[in-house]
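Visitor: build me a structure from this.
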Amino acid sequence: MPKRKQYQIVDARVEVCSGGPDPSILVAEVELMPQTAKGKPVFYTLSEAEGMPAFYKTKESVFDKLMNPDEDVISDIVNKHTLYEGESYADFFENHRDIECYEGLRYLIYIMRADWDTTKAFIKKTKGKLLSEIEIPKSDAEEDWENGEDED
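Guide: Okay, here's the model as predicted:
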């Protein structure tokens, strides 16, 4: 079995982008530093609209680009950097074995779906730590999946 990459949490953030009459879009991003000799930061980003998640992996932050959507920019991100997108989190949890940096993506789901105060405290507590050193609480979406419940 190949050795898992170790990632240090550099920073994370979450915001809500509301488009007026359009549904709200939530965006969460975590910057991770691979613990290798030539480690360069990697950004994992989660965008959620109406409970439908899309995860992206990039070499630089796309957070602001997703928060201030420009159709051409969004299309470029989706076409070049999508790790996973689905109609719900259930498929993500069900088929996670081949998904890159699964724990980092669980981290994103948790910080996006927890209440704001909990999210801020969790991010502060986990900055500078290795993903493997922290316990990521289950999000409501993960608990629903485990209980066989449909998401709202």
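Visitor: residue ranges with poor pLDDT in this protein?
Guide: Applying pLDDT under 70 to the chain picks out residues 1-4, 18-21, 69, 150-152.
Visitor: tell me where this structure has strands.
Guide: Along the chain, the segments classed as strands by DSSP state E run 7-17, 25-34, 42-49, 52-58, 82-85.
Visitor: tabulate those strands (CSV), appending mean neighbour count.
Guide: For every residue, glycine as well, the C-beta is placed using N, CA and C. What follows is the strands of the chain, written out as CSV (neighbours: other CB atoms under 10 Å):
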stretch, mean neighbour count
strand 7-17, 17
strand 25-34, 21
strand 42-49, 22
strand 52-58, 19
strand 82-85, 15
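Visitor: which of these sits closest to residue 144?
Guide: The minimum distance between residue 144 and the strands of the chain falls on strand 52-58, with 13.2 Å, by CB to CB.
Visitor: contact partners of stretch 86-98?
Guide: For stretch 86-98, contacts defined as CB atoms under 8 Å, 6 or more residues apart in numbering pick out 51-53, 84, 99, 102, 105, 109, 139, 141-142, 144-146, 150-151.
Visitor: returning to that earlier point: let's have the strands of the chain in TSV, adding distance to residue 68.
Guide: As requested, the strands of the chain are exported to TSV (distance: least, CB to CB, whole Å):
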stretch	distance to residue 68
strand 7-17	8
strand 25-34	10
strand 42-49	13
strand 52-58	16
strand 82-85	19
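Visitor: buried set for stretch 134-144?
Guide: By neighbour count with 16 or more other CB atoms under 10 Å, stretch 134-144 contains the buried residues 136, 138, 139, 141, 142, 144.
Visitor: circling back: mind checking the strands of the chain for the one nearest to residue 124?
Guide: Judged by CB to CB, the one of the strands of the chain that comes nearest to residue 124 is strand 7-17, at 9.6 Å.
Visitor: pick out the residue nearest the middle of the protein.
Guide: With distances taken as CA atoms, centre = their mean, residue 108 lies nearest the centre of the chain, 3.3 Å away.
Visitor: that residue and residue 30 touch, don't they?
Guide: Yes - between residue 108 and residue 30 a contact is recorded at 5.8 Å, counting by CB atoms under 8 Å.
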